[in-house]
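Chemist: Got a predicted model here, sequence first, then my questions.
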Amino acid sequence: MDDKKLYTVTEVAARAGVSVTTMYSWLKAGRVKEPGKTISGRRRFTEEEVKKIIELIPTEK
């Protein structure tokens, strides 16, 4: 069994510093790749996917 931590949209949004609405907009627009889903259809992101999403956030210079 795979014991890797999986993250919800809400958890990913919090880690990335964006709103849940922004996360769903990015998913709909294809800016963020659709993650795997649970049997009940809920999205779950891997740590690697979370890191890629965080890289999308522009940093202030």
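Modeler: Happy to help now that I have it. Numbering: from 1, shown residues only.

Chemist: Determine which residue lies closest to the centroid of the protein.
Modeler: Taking C-alpha atoms, centre = their mean as the criterion, Val12 is the residue nearest the geometric centre of the chain, at 4.6 Å.

Chemist: Give me the buried positions along whichever strand or helix holds that one.
Modeler: Take DSSP states H and E as the rule and Val12 turns out to sit in helix 9-16. By neighbour count on 16 or more other C-beta atoms under 10 Å, the buried set for helix 9-16 is 9, 12-13, 16. Any C-beta I mention is one placed from the backbone N, CA and C, and that applies to glycine too.

Chemist: ok, now stretch 38-51?
Modeler: For stretch 38-51, by 16+ other C-beta under 10 Å, it's 43-45, 49-50.

Chemist: ok, which stretches of the chain are strands?
Modeler: 36-37, 43-44 (DSSP state E).

Chemist: Dump these into a markdown table; add distance to Leu56 and mean pLDDT as well.
Modeler: Below are these laid out as a markdown table (distance: least, C-beta to C-beta, whole Å; pLDDT from 0 to 100):
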| stretch | distance to Leu56 | mean pLDDT |
| --- | --- | --- |
| strand 36-37 | 19 | 95 |
| strand 43-44 | 16 | 97 |
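
Chemist: All the helices of the protein, residue numbers only.
Modeler: Using DSSP state H, the helices found in the chain span residues 9-16, 20-29, 47-55.

Chemist: Among the ones you listed, which comes closest to Ile39?
Modeler: Proximity to Ile39 (C-beta to C-beta) singles out helix 9-16 among the helices of the chain, at 16.9 Å.

Chemist: quick revisit: can you put the helices of the chain in CSV and add mean pLDDT?
Modeler: Compiled in CSV, the helices of the chain are given as follows (pLDDT from 0 to 100):
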stretch, mean pLDDT
helix 9-16, 96
helix 20-29, 96
helix 47-55, 94
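
Chemist: a markdown table for these, including distance to Lys37?
Modeler: Supplementary listing: the helices of the chain in a markdown table, determined by distance: least, C-beta to C-beta, whole Å:
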| stretch | distance to Lys37 |
| --- | --- |
| helix 9-16 | 11 |
| helix 20-29 | 12 |
| helix 47-55 | 13 |
